[in-house]
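[1] Output the structure for:
(one chain, ligands or ions: 2)
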Amino acid sequence: MCASNAIDRVLLPRNVQPIAYKLYLSPDLKAFTYSGYVEADLVVMQATAKSLTFHNLGNNLELDKTYMLYNTEKLYPVSDSVNHDEETVTLNFGGNPFVVGEQIKLVIYFNNTLGTSMCGFYRSKYMVGGEERWMATTQFEPVDARRAFPCWDEPALKATFEVILNLPSHLLALSNMPVVGEEKSLKTGTKTVYFQTTPRMSTYLLAFVVGEFDYVEGVTTKGGVPMRVYTPLNQADRGCFALEVGTKILDFFTDYFGIAYPLPKLDMIAIPDFAAGAMENWGLVTYREAALLCDRDANVSTKMRIAYVVAHEEAHQWFGNICSPEWWRELWLNEGFATWAGDLAVNSLFPEWSIWTQFCSAYLSSALRLDSMLSSHPIEVDVARSRDIDEIFDTISYNKGACVIRMLASYLGEKEFAKGLNCYLKRHSYGNATTADLWKAISEATGRPVGEMMRNWTLQMGYPVIHVESIEEGSKLRLSQTRFLADGLPTAEQDKVVWDVKVSVASDRTREMEYLSLSEKTATFDYSTRDLTWFKANAGQYGTFRVRYSADLLKKLVVAIKKKQILPEDRLGIVSDYMALSRAGLIPLTEVLELCSSYEEETDYNVWSELSAGLSAVMSIWESHPCYANFKRYKRQLFSKIGGRIGWEREGESDLDKLLRSVVLFALSTCDDEAVINEARRRFELYQSNPNSFPADLRDVVFRIYVYHGGAKEQEAMKEIYNRADVPDLKISALQALGLVQDATLIKNTIVWALNSGKVRNQDLHVVFYGTSNSQKGQEITWDSMKEHWDELVKRFGTGQFLLSRLIEYSTRNFSSFSKAEEIERFFLTHKANGIDRTVSQSLEKIRASASWFKRDSVSVSAWLNRF
Ligand code: BES
Ligand code: ZN
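    Numbers count the residues shown, from 1 in each chain. Ligands and ions are numbered 1, 2, ... in the order given. Got it, this is the predicted structure:
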């Protein structure tokens with residue numbers, strides 16, 4: 001192993017470099033095993049002893065058949081050793097050292113089982129007419145290619161791949177590239193399928209799938225790329241929506257990046273057991289079913305989700321696949337970028353969805369929330385060991401990454417930014433790059449140096465809160481920055497970083513976006529606010545920071561909020577910032593509740609969504625306090641006007657109003673609005689008698705209210721819907737609702753059922769945990785169940801996978817007492833698993849911040865709420 005870089009990355013020795021793989025695999029879908037061989041062409045880079053170290057995990061190597069071709073020699077290993085921690089094998093071949101520049105071939109035979117862990121080469125179950133069948137598929141990112149076959153499993157070690165699969169003749173085989181040949185054997189009833197060689201690419205992007213599928217197909221307008229969506233048998237129709245948006249989005253990116261899609265085809269396929277949401281394997285993108293398939297008349301949120309996931313994975317076909325991260329430290333380049341670009345593409349296709357406003361409530365708010373904790377990490381974070389990488393696929397890499405990119409793109413202008421991207425992708429095509437390479441390309445292409453400005457945004461964790469004050473009787477503006485921490489003021493030590501903040505500003509006078517540049521702790525600007533009706537900093541919420549105003553400026557903003565003179569993203573940004581400021585102890589909660597009251601006339605979906613999420617989070621902390629009943633009355637009053645306006649059904653309304661309805665009606669139901677609850681019950685009964693006559697967009701909220709305010713009978717009815725459903729979004733909708741039941745015994749039963757009935761796939765277990773943890777009581781039961789089943793859960797998920805982390809997050813997300821934090825901390829001292837440490841620290845920090853908030857504000861809030 002050789003170590004490099006500050007944190008001692010553990011990399012494979014560089015004495016050889018792979019350039020081409022031939023991979024032959026023969027899966028057995030009855031015995032759940034596979035066997036095969038890999039032929040790796042290697043170039044000698046260093047004159048070392050004839051020793052080869054590569055990754056391997058769980059494959060049984062058949063060493064008696066394994067050899068190396070070196071010039072004309074065929075050499076068999078004289079010794080071998082396994083390094084379990086690094087997941088590598090070393091073979092020693094003896095004889096004279098390697099000669100630099102020579103090419104060798106290593107041939108390894110191996111076999112393995114097709115497991116159910118949803119990583120490596122694994123099996124997934126599907127049903128055909130009540131009969132259980134199995135397919136085999138792959139998930140390699142980040143470091144599980146080595147689980148499927150011996151290989152040099154680092155993103156920088158790009159090579160070409162020639163895949164050959166041997167399978168029963170009636171099955172279909174897919175891989176990154178199109179099929180070039182097929183041989184059938186009548187005797188064995190099998191066929192051998194040969195795939196075209198891939199371009200140079202990273203191991204984590206390789207994929208192959210074997211099973212039974214139907215498909216729909218189309219072709220893009222630019223470059224005529226054939227695209228297919230593979231679905232379960234007899235469900236081809238459910239691929240139509242993804243295909244339609246998928247082809248358009250591929251056209252969009254072809255234009256945007258200024259580079260043609262480089263492979264001869266792009267397939268997208270739904271896999272019934274799938275740990276992530278989707279995976280961008282080059283030319284063969286894999287999805288969980290709910291992220292790809294839907295009926296034509298599916299509801300808006302389902303279509304939004306599918307459009308976004310497809311766009312995100314297609315963005316990776318350029319950003320990530322053509323040009324890949326040098327090492328996992330650059331993961332954010334992949335994920336932050338695809339998160340941003342996914343929204344960019346969806347926005348161009350569906351302008352009516354106000355994607356960038358959604359971005360602010362979905363990504364910006366959550367990025368800022370997580371990054372205000374001491375347990376956060378910089379966007380660019382080095383990881384030494386392979387197995388630590390899973391934890392970096394988190395809100396920081398995705399959401400903060402996307403926010404930082406949006407911040408830069410808006411500052412430079414999107415056209416200029418695109419020029420930079422084009423330069424970056426062309427320069428590093430079929431290669432690897434770092435964050436510095438991206439900044440360099442953008443700087444060169446736009447003539448604007450961005451490296452220095454971006455430095456602290458990616459290399460430091462956290463972000464600032466900008467204090468905005470009008471001074472000298474409103475003739476000047478003073479801006480200052482301090483690090484923002486979730487639970488209080490930073491110490492001098494914690495507040496050392498000075499960010500280069502481009503503060504976008506807008507006012508009733510604004511024609512074009514203006515920026516004030518704050519690269520010191522404090523600066524004063526000749527910017528008069530005296531005659532302004534309103535003034536907003538971080539206008540458009542383009543920046544990854546929070547804003548706190550002096551009283552006079554806030555007062556003006558409140559008027560502008562009431563009159564809706566400022567943009568929805570700005571309206572929701574103020575809610576998000578002020579909630580966080582209060583949680584951190586910088587502002588009394590009563591002031592924030594007062595501020596929220598100025599949103600009674602609000603009509604925008606995203607603003608309500610932010611308000612609703614913010615208030616739910618606060619109220620869950622106050623759930624056991626005697627003032628909770630008043631809290632509910634407060635919330636009900638706030639939501640009542642919009643509730644009356646939006647009602648249950650309206651002709652010809654926008655997609656966003658349909659989403660708004662769900663948010664508002666559910667919020668009202670949680671404040672015991674009997675009319676809403678009764679109407680939901682009535683509508684559920686209608687649904688039961690005729691699901692088809694029921695508006696798709698009402699389904700989720702009706703399900704949720706029905707179970708939330710129901711008992712055993714209601715839950716049983718929902719279970720039946722779940723059990724019978726075969727459309728993915730209906731199934732998930734029912735599963736989400738199931739956990740919302742409020743009776744303790746029923747909550748417990750739900751979790752036991754989810755764990756033991758065999759009806760809930762491992763990939764969906766967190767959906768249940770999310771539901772059951774929605775109340776304090778439910779949170780206790782979820783946490784207790786998680787402790788009780790810990791060993792089993794680790795066995796099911798504990799291979800360093802993020803699904804276990806998600807279960808931990810949901811088992812603890814709503815706690816808010818110091819004693820609970822202690823208990824959880826103690827539990828995890830003695831209960832260890834790979835890749836969960838960061839999640840545990842984040843949970844603890846969040847719980848303690850909530851506890852402090854409650855301690856600080858409960859007396860004043862309780863008094864304030866007496867008026868309701
Ligand atoms: N590259 C990821 C898939 C992935 C995630 C691999 C985690 C390994 C670990 C893919 O591009 C992705 O980001 N998938 C998302 C869905 C996406 C639409 C946000 C996911 O799986 O959550
Ligand atoms: Zn991604």
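[2] Give me the distance from stretch 10-21 to the chain's centre.
    For stretch 10-21, the gap between its own C-alpha mean and the chain's C-alpha mean amounts to 31 Å (C-alpha atoms, centre = their mean, to the nearest Å).
[3] Rounded mean pLDDT for it, please.
    When the per-residue pLDDT values of stretch 10-21 are averaged, the result is 96.
[4] what's the answer for stretch 91-108, then?
    For stretch 91-108, mean pLDDT rounds to 96.
[5] List the contacts of that stretch.
    With C-beta atoms under 8 Å, 6 or more residues apart in numbering as the test, stretch 91-108 has contacts from 15-16, 19, 37-53, 61-63, 65-71, 75-80, 150. Glycine gets a C-beta too; all of them are placed from N, C-alpha and C.
[6] so what's the residue in the stretch 351-500 of the chain that ligand 1 sits nearest to closest to, chain neighbours aside?
    For the stretch 351-500 of the chain, the residue closest to ligand 1 is residue 393, as judged by C-beta to the nearest ligand atom, at 3.9 Å. Once flanking residues are discounted, residue 393 sits nearest to residue 802: 6.0 Å by C-beta to C-beta, 6 or more residues apart in numbering.
[7] what sits against the one you found?
    Residue 802 makes contact with 275, 276, 390, 391, 393, 835, according to C-beta under 8 Å, 6+ apart.
[8] Pretty sure the second one sits against residue 285.
    Yep, that's residue 276 we're talking about. No. Between residue 276 and residue 285 there is no contact under C-beta atoms under 8 Å: 11.3 Å.
[9] between the two, who's got more neighbours?
    Remark: of residue 276 and residue 285, residue 285 carries more neighbours, 26 against 18, as counted by other C-beta atoms under 10 Å.
[10] So what pairs up with that one in the strands?
    With DSSP bridges applied, residue 285 shows beta-bridge pairing to residue 268.
[11] could you measure it against ligand 1, distance?
    The span separating residue 285 from ligand 1 equals 9 Å under the rule C-beta to the nearest ligand atom, to the nearest Å.
[12] all helices in the stretch 501-650 of the chain, in order from the N-terminus.
    If you assign secondary structure with DSSP state H, counting those that start in this stretch, the helices in the stretch 501-650 of the chain sit at 551-562, 568-583, 589-597, 605-621, 628-646.
[13] Kindly reformat the ones you listed as a markdown table containing mean pLDDT and distance to residue 99.
    Written out in a markdown table, the entries for these read as follows (pLDDT from 0 to 100; distance: least, C-beta to C-beta, whole Å):
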| stretch | mean pLDDT | distance to residue 99 |
| --- | --- | --- |
| helix 551-562 | 97 | 72 |
| helix 568-583 | 98 | 62 |
| helix 589-597 | 98 | 71 |
| helix 605-621 | 97 | 63 |
| helix 628-646 | 98 | 75 |
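[14] which one of the ones you listed is the most hemmed in?
    helix 568-583 (a mean of 25; mean count of other C-beta atoms under 10 Å).
[15] Run through the neighbouring helices and strands of that one.
    On a contact count with 3 or more C-beta pairs under 8 Å, 6 or more residues apart in numbering; DSSP states H and E, helix 568-583 meets helix 355-359, helix 365-371, strand 546-549, helix 551-562, helix 589-597, helix 605-621, helix 837-865.
[16] With distance to ligand 1 as added columns, please give the ones you listed in a markdown table.
    Listed next are the helices and strands packed on helix 568-583 as a markdown table, based on distance: least, C-beta to the nearest ligand atom, whole Å:
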| stretch | distance to ligand 1 |
| --- | --- |
| helix 355-359 | 13 |
| helix 365-371 | 13 |
| strand 546-549 | 24 |
| helix 551-562 | 31 |
| helix 589-597 | 30 |
| helix 605-621 | 18 |
| helix 837-865 | 14 |
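[17] Nearest residue to residue 291 in space, please, no chain neighbours.
    residue 309 (4.3 Å).
[18] How about residue 221?
    That would be residue 251: by C-beta to C-beta, 6+ apart, it lies 5.2 Å from residue 221.
[19] and ligand 2, which of the contacts of stretch 91-108 reach it?
    Near ligand 2, taking C-beta under 5 Å from the ion as the test, no member of the contacts of stretch 91-108 is found.
[20] Filter the residues you listed down to the ones in strands?
    Secondary structure assignment (DSSP state E) places 16, 19, 37-44, 51-53, 61-63, 65-70, 75, 79-80 from the contacts of stretch 91-108 within strands.
[21] among these, which ones are buried?
    When neighbours are counted using 16 or more other C-beta atoms under 10 Å, these contain these buried positions: 16, 37-38, 40-42, 44, 51-53, 61, 66-68, 70, 75.
[22] Going by distance to ligand 1, which of those wins?
    Taking C-beta to the nearest ligand atom as the measure, ligand 1 sits nearest to residue 38 out of these, at 22.4 Å.
[23] Enumerate every residue touching that closest one.
    21, 22, 23, 24, 107, 108, 110, 149, 150, 151.
[24] Assumed the second one was part of a strand.
    Yep, that's residue 22 we're talking about. Yes. When classified by DSSP: H, G, I helix; E, B strand; the rest coil, residue 22 is found to be part of a strand.
[25] Pipe the helices of the stretch 501-650 of the chain into CSV and attach distance to residue 540 per row.
    Output for those, formatted as CSV (distance: least, C-beta to C-beta, whole Å):
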stretch, distance to residue 540
helix 551-562, 14
helix 568-583, 6
helix 589-597, 20
helix 605-621, 13
helix 628-646, 24
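[26] Can I get these in CSV including distance to ligand 2?
    Output for the helices of the stretch 501-650 of the chain, formatted as CSV (distance: least, C-beta to the ion, whole Å):
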stretch, distance to ligand 2
helix 551-562, 35
helix 568-583, 24
helix 589-597, 34
helix 605-621, 23
helix 628-646, 34
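[27] still on that earlier bit, in strands, which of the contacts of residue 802 appear?
    Using DSSP E to define strands, no part of these is located there.
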